[in-house]
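Participant: Sequence and computational prediction follow.
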Amino acid sequence: MNRTVVHVAHITTVKDNPITNALRNLDRDVIEVDYFNYLFGRERHNSHHFTKRLTEIVASAKPEFVFMQVQSPGIITIPGMHDLTKLAPVVIWTGDVRENIDFQMELASAGALCLFCNEDDVDKMRQAGFPSDYLQAGFHTGMHNPFHRVDHKLGKVVFVGSHYPNTFPLSNERLELCTALSEHLGDDFHVYGLGWENTPVRSQGIAEIPTLTQLYSGYDIAINHSNFLRRRYSSDRIFAILGSGTFCMTHRYPGIELEFEEFAHLCAYDSIPDCITKIEYWLQPSKANERMNIAKQGCTYAHEFCNWEERMRDVFRLVKKYYGESDNGEHPIFSLN
């Protein structure tokens with residue numbers, strides 16, 4: 001079996017791309033294709049040129065499969081996807097929520113297997129007659145790691161995230177949550193992110209992703225709040241918090257119990273008043289050891305089961321499930337039409 005994987009993504013967003021590294025750790029040869037650099041870099045090719053180039057790469061490499069982090073139109077053409085799926089299995093992963101998945105349905109109609117980070121969109125695809133499945137995000141274990149923690153005290157509770165006014169289903173709820181926490185906790189609550197200028201919430205600035213662990217280590221509790229309420233969906237913020245070794249307080253979303261065990265890995269709240277009550281409870285000095293033990297267990301769990309190697313193992317299983325495997329170990333050319 002050819003153990004080459006073509007990884008198509010905005011590769012340059014993260015130094016030492018964790019998905020590429022995970023695939024290599026799983027004994028795959030990886031060909032990285034950075035669509036952003038090709039489409040929006042110095043030469044600024046269009047999607048037709050990029051699709052043609054990608055097809056040439058896949059035709060030459062004859063990979064085990066193509067893994068594409070492509071979530072929006074304008075990167076690859078649908079006729080080009082028809083050509084690609086004749087050459088190798090193509091897996092499209094939408095790693096964030098999109099309110100409209102018509103583009104993914106077009107890709108699926110061309111033979112691609114579309115994976116989503118929430119089960120509601122998986123159901124929509126299946127109801128439309130397309131095979132689809134769930135793939136949760138992973139996290140950069142080298143970047144979000146308790147070894148990077150520093151001994152400094154910045155505050156008691158922190159939220160790292162931006163405010164998008166009236167943009168997403170839970171945008172206003174995020175504003176209400178942070179406003180309430182600011183009023184209740186005062187200077188003990190800090191927010192880092194963009195878009196808070198014309199709100200009652202004062203942002204401390206922008207948190208740099210490579211130094212998030214150092215930031216989180218300055219707080220007793222870190223809040224996770226996503227802008228969408230979808231089944232089994234959470235922002236990858238939850239993994240950055242857990243992986244960094246800080247106690248995570250997350251909004252309760254449908255299916256959270258399938259991924260995490262409450263009071264063993266994290267704590268979930270059901271409303272803004274519930275969040276405040278639970279923060280008060282876990283900030284009690286008598287609860288400090290229990291809180292730190294939960295944070296430690298959550299960190300261990302995240303590093304063991306939520307890393308990108310585990311997610312890529314899931315992808316291997318899904319490729320085999322949907323594309324099958326012939327007796328000689330090669331994937332047959334498979335059309336989802």
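Facilitator: Done, it's in.

Participant: Give me the below-cutoff pLDDT ranges for the stretch 1-150 of the chain.
Facilitator: Scanning the stretch 1-150 of the chain for pLDDT under 70 picks out the ranges 12-15, 42-43.

Participant: What segments of it are strands?
Facilitator: Here the stretch 1-150 of the chain has its strands, by DSSP state E, counting those that start in this stretch, at 4-9, 29-34, 65-68, 90-94, 113-116, 132-134.

Participant: got these as JSON lines, with distance to residue 243 and mean neighbour count columns?
Facilitator: The C-beta positions use only the backbone N, C-alpha and C, and glycine is treated the same way. As requested, the strands of the stretch 1-150 of the chain are exported to JSON lines (distance: least, CB to CB, whole Å; neighbours: other CB atoms under 10 Å):
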{"stretch": "strand 4-9", "distance to residue 243": "20", "mean neighbour count": "23"}
{"stretch": "strand 29-34", "distance to residue 243": "23", "mean neighbour count": "17"}
{"stretch": "strand 65-68", "distance to residue 243": "22", "mean neighbour count": "24"}
{"stretch": "strand 90-94", "distance to residue 243": "20", "mean neighbour count": "23"}
{"stretch": "strand 113-116", "distance to residue 243": "22", "mean neighbour count": "26"}
{"stretch": "strand 132-134", "distance to residue 243": "21", "mean neighbour count": "22"}
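
Participant: Which one of the ones you listed lies nearest to residue 277?
Facilitator: Across those, residue 277 has its closest neighbour in strand 132-134 (32.1 Å, CB to CB).

Participant: Who does that closest one pair with, and is each partner parallel or antiparallel?
Facilitator: Sheet pairing of strand 132-134 (DSSP bridges) gives strand 113-116 (parallel).

Participant: Can you give me the buried ones in the longest helix seen in the chain?
Facilitator: The single longest helix within the chain, with elements called by DSSP state H, is helix 288-305. Neighbour counts using 16 or more other CB atoms under 10 Å place 291, 294-295, 297-299, 301-303 of helix 288-305 among the buried residues.

Participant: from those, which two are the most distant?
Facilitator: Between any two of the buried residues of helix 288-305 (CB to CB), the greatest distance is 19.0 Å, for 291 and 303.

Participant: just the helices in the stretch 51-200 of the chain please.
Facilitator: Per DSSP state H, counting those that start in this stretch, the stretch 51-200 of the chain carries helices over the ranges 78-85, 102-109, 119-127, 171-185.

Participant: Out of the ones you listed, which is closest to residue 56?
Facilitator: helix 78-85 (10.4 Å).

Participant: and the angle for the closest one with strand 4-9?
Facilitator: 160 degrees (axes from the mean of the first three to the mean of the last three CA atoms, to 10 degrees).

Participant: which residues does residue 225 contact?
Facilitator: Residues counted as contacts of residue 225 (CB atoms under 8 Å, 6 or more residues apart in numbering) are 159, 161, 170, 173-174, 177, 235, 250-251.

Participant: State the phi and psi torsions of it.
Facilitator: Main-chain torsions, residue 225, degrees, to the nearest 10: phi -140, psi 120.

Participant: okay, it: pLDDT?
Facilitator: As predicted, residue 225 sits at a pLDDT of 98.

Participant: Leaving out sequence neighbours, find the closest residue to the residue nearest in space to the middle of the chain.
Facilitator: What sits nearest the mean C-alpha location of the chain, by CA atoms, centre = their mean, is residue 137, with 3.5 Å. Once flanking residues are discounted, residue 137 sits nearest to residue 236: 4.3 Å by CB to CB, 6 or more residues apart in numbering.

Participant: Over to residue 141?
Facilitator: residue 307 (5.0 Å).

Participant: show me what contacts the one you found?
Facilitator: The neighbours of residue 307, taking CB under 8 Å, 6+ apart as the test, are 22, 138-139, 141.

Participant: Let me know the closest of those residues to residue 126.
Facilitator: The closest of those to residue 126 turns out to be residue 138 (CB to CB; 23.8 Å).

Participant: surely that closest one meets residue 238?
Facilitator: No: counting by CB atoms under 8 Å, residue 138 stays clear of residue 238, with 11.5 Å between them.

Participant: So those two - more neighbours on which side?
Facilitator: Between residue 138 and residue 238, counted using other CB atoms under 10 Å, residue 238 has the larger neighbour count: 28 against 23.

Participant: Which secondary structure state is assigned to the more buried one?
Facilitator: Per DSSP: H, G, I helix; E, B strand; the rest coil, the secondary structure class of residue 238 is helix.

Participant: Bridged to the closest residue in space to it that isn't next to it in sequence, which residues?
Facilitator: Leaving out its chain neighbours, the residue that sits closest to residue 238 by CB to CB, 6+ apart is residue 224, at 4.6 Å. Bridge pairing for residue 224 (DSSP bridges) gives the partners residue 250.

Participant: Run a quick neighbour tally on residue 174.
Facilitator: Residue 174 is flanked by 23 other residues according to other CB under 10 Å.
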